[in-house]
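**Student:** here's my sequence, what's the structure:
(chains A and B)
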2 protein chains.
Amino acid sequence: MTYCVGMMLNKGLVFMSDTRTNAGVDNISTFRKMFFWEEPGERSITLMTAGNLATTQTVVSLLEERSKSASERDPSILRADTMFQVAQLIGDTLREVIANHAKAGQEADSSFHATMIVGGQIGDGEPRLFLIYPEGNFIEASYDTPFFQIGETKYGRPILVRLYEPDMSFEQAIKLLLVSFDSTIKANLSVDVPIDVKVYDKDSLSTGRTFRVNYDDRYFREISEGWSDALRVAFRQLPEFEFPQK
Amino acid sequence: MTYCVGMMLNKGLVFMSDTRTNAGVDNISTFRKMFFWEEPGERSITLMTAGNLATTQTVVSLLEERSKSASERDPSILRADTMFQVAQLIGDTLREVIANHAKAGQEADSSFHATMIVGGQIGDGEPRLFLIYPEGNFIEASYDTPFFQIGETKYGRPILVRLYEPDMSFEQAIKLLLVSFDSTIKANLSVDVPIDVKVYDKDSLSTGRTFRVNYDDRYFREISEGWSDALRVAFRQLPEFEFPQK
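**Tutor:** I've put the predicted structure just below:
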């Protein structure tokens, strides 16, 4: 499993992904699920992946290779004119890889499916954020749906739904996402640190800030331990239940 | 979908279930998912069901019928000597019903599966709580796993995991469960009020208290609206994130 969230703020985009992959509970590894393509001053694109690791790695390698070699077919992810074209390109590549694996005739216990979040900004365009389905089609984040989750999405969703604000600072958004990740990590063995974080400032068209959060990260420990206490306090503030009078 | 929780406290048992059933999003109805069998002074048994409605209704009807007619095979749910036997009886009935439906040769888009929570107390025995799988086998709640959820379990789980305490009062447990239900209802269309609640006082061997919570319930509205605010306050209390110095 996996947990990744891409979030659109007035100030820009925030991406967060865990790094655990597993084939059964007895075969777990750490893999990066966040990938970047950038041309400073011109474009900044971030991709996060969930699902079959062979599929997602092949998609990323193909995107990578095609962005480097001029002889490969156009447009590459570094030449697409808009974020919409980038999403289309990734969707097509994803569908192609899944179809290739499936038609080999090998039957696998688990499917070859994968889901992806891609976001970024190109030239004069606005920052945009897309969720790409295994079928290769995609939806875009909007005012009503300002963030996407992939992988193990449910445990960490209620807190995002209740506390997300479009005008949050990046610092607040990261704090919120870390609470959401902590809830997910506590509930599902197959989601775990280290957590990769990327912040993209609107109109910067640059790398932005990226870093990794681990268990020994002091702040993550404070959030993880502090949140249970904070919830307890919040819970106490709610009015007490009284049994209905018979 | 469905959401039901059975919780074991030092003081007794609490059961909570929603009432929405759906066959697709365009065909929703309200059905009770909580059922009781009682002999005052001798036994009190509560059953909650999730899954295929035809399956769960048949199981409940069979249990009901067999508890009334002396000619049906023994033991009935009103005669079983222990809660363990009750769980076994329900598990067997569940497996039998699923097998019957499946062998009719009809293929359904959705499976005939169902999962159940049964809890209660018989005579001198302790209160016990079981989770019954579609295969008819079951597990029992213990100090380490003091509550069971069935149906749409994930959205409402983190808050239960963080705030459950075995020595909670019934009032606190109901408040906690209503927060968990509210988070689930807000996230999944196929879980909804009215919510059925049943509280069983340890060693009372009686009906206990049952009631139904609806949207126009003042307390549920206070919880539902108050929790977002309380979370916001709790979130503010957590230390603020600062970007790592480069």
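**Student:** run through chain A and note the low-pLDDT ranges.
**Tutor:** A:70-74, A:104-110, A:246 (pLDDT under 70).
**Student:** any chance you could map the strands in it?
**Tutor:** For chain A, the strands defined by DSSP state E occupy A:3-9, A:12-17, A:20-22, A:28-30, A:34-39, A:43-51, A:114-122, A:128-132, A:138-140, A:147-151, A:195-201, A:209-213.
**Student:** put together a markdown table for those, with mean neighbour count and distance to chain B on each row.
**Tutor:** All C-beta spots, glycine's among them, are computed from the backbone N, C-alpha and C. Converted to a markdown table, those look like this (neighbours: other Cβ atoms under 10 Å in any protein chain shown; distance: least, Cβ to the nearest Cβ, whole Å):
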| stretch | mean neighbour count | distance to chain B |
| --- | --- | --- |
| strand A:3-9 | 26 | 12 |
| strand A:12-17 | 25 | 11 |
| strand A:20-22 | 19 | 17 |
| strand A:28-30 | 12 | 20 |
| strand A:34-39 | 18 | 17 |
| strand A:43-51 | 26 | 16 |
| strand A:114-122 | 26 | 17 |
| strand A:128-132 | 23 | 17 |
| strand A:138-140 | 16 | 18 |
| strand A:147-151 | 24 | 11 |
| strand A:195-201 | 23 | 8 |
| strand A:209-213 | 16 | 5 |
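**Student:** any chance of TSV for these, columns distance to residue B:14?
**Tutor:** Output for those, formatted as TSV (distance: least, Cβ to Cβ, whole Å):
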stretch	distance to residue B:14
strand A:3-9	30
strand A:12-17	36
strand A:20-22	34
strand A:28-30	36
strand A:34-39	42
strand A:43-51	36
strand A:114-122	37
strand A:128-132	38
strand A:138-140	40
strand A:147-151	31
strand A:195-201	35
strand A:209-213	37
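**Student:** show me the one of these that comes nearest residue A:66.
**Tutor:** Nearest to residue A:66, of all those, is strand A:34-39, at 10.8 Å by Cβ to Cβ.
**Student:** helices and strands around the closest one, which ones?
**Tutor:** strand A:43-51, helix A:53-68, strand A:195-201 (3 or more Cβ pairs under 8 Å, 6 or more residues apart in numbering or on different chains; DSSP states H and E).
**Student:** that strand vs strand A:3-9, what angle?
**Tutor:** Comparing the axes of strand A:34-39 and strand A:3-9 via axes from the mean of the first three to the mean of the last three Cα atoms, to 10 degrees yields an angle of 40 degrees.
**Student:** so what touches strand A:34-39?
**Tutor:** With contact meaning Cβ atoms under 8 Å, 6 or more residues apart in numbering or on different chains, strand A:34-39 is reached by A:4, A:15, A:17, A:43-49, A:60, A:63, A:67, A:77-78, A:196, A:198, A:206-207, A:210.
**Student:** same check on stretch A:217-226?
**Tutor:** For stretch A:217-226, the surrounding residues in contact (Cβ under 8 Å, 6+ apart) are A:175, A:178-179, A:182, A:186, A:193, A:195, A:213-215, B:237-239, B:241-242.
**Student:** cutoff 6 Å now
**Tutor:** A:178, A:182, A:213, B:238, B:239 (Cβ atoms under 6 Å, 6 or more residues apart in numbering or on different chains).
**Student:** of those, grab the buried ones for ChimeraX.
**Tutor:** Selecting the buried subset of these in ChimeraX, with 16 or more other Cβ atoms under 10 Å in any protein chain shown as the burial test, is done by:
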select /A:178,182,213 /B:238
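**Student:** okay, the contacts of stretch A:217-226 in CSV with distance to residue B:124 next?
**Tutor:** Formatted as CSV, those follow (distance: Cβ to Cβ, whole Å):
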residue, distance to residue B:124
A:178, 50
A:182, 44
A:213, 53
B:238, 48
B:239, 52
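**Student:** quick one, which of the helices and strands packed on strand A:34-39 is nearest to residue A:25?
**Tutor:** Closest to residue A:25 of those is helix A:53-68 (Cβ to Cβ; 15.4 Å).
**Student:** and that closest one, what does it pack against?
**Tutor:** helix A:83-103 (3 or more Cβ pairs under 6 Å, 6 or more residues apart in numbering or on different chains; DSSP states H and E).
**Student:** buried stuff in the helix it packs on?
**Tutor:** A:83, A:86-91, A:93-95, A:97-98, A:101.
**Student:** closest one of those residues to chain B?
**Tutor:** Using Cβ to the nearest Cβ, residue A:98 is the member of the buried residues of helix A:83-103 that lies nearest chain B, at 23.3 Å.
**Student:** about what we covered before: make a markdown table out of the helices and strands packed on strand A:34-39 and add distance to residue B:132.
**Tutor:** Shown next, in a markdown table, are the helices and strands packed on strand A:34-39 (distance: least, Cβ to Cβ, whole Å):
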| stretch | distance to residue B:132 |
| --- | --- |
| strand A:43-51 | 32 |
| helix A:53-68 | 35 |
| strand A:195-201 | 37 |
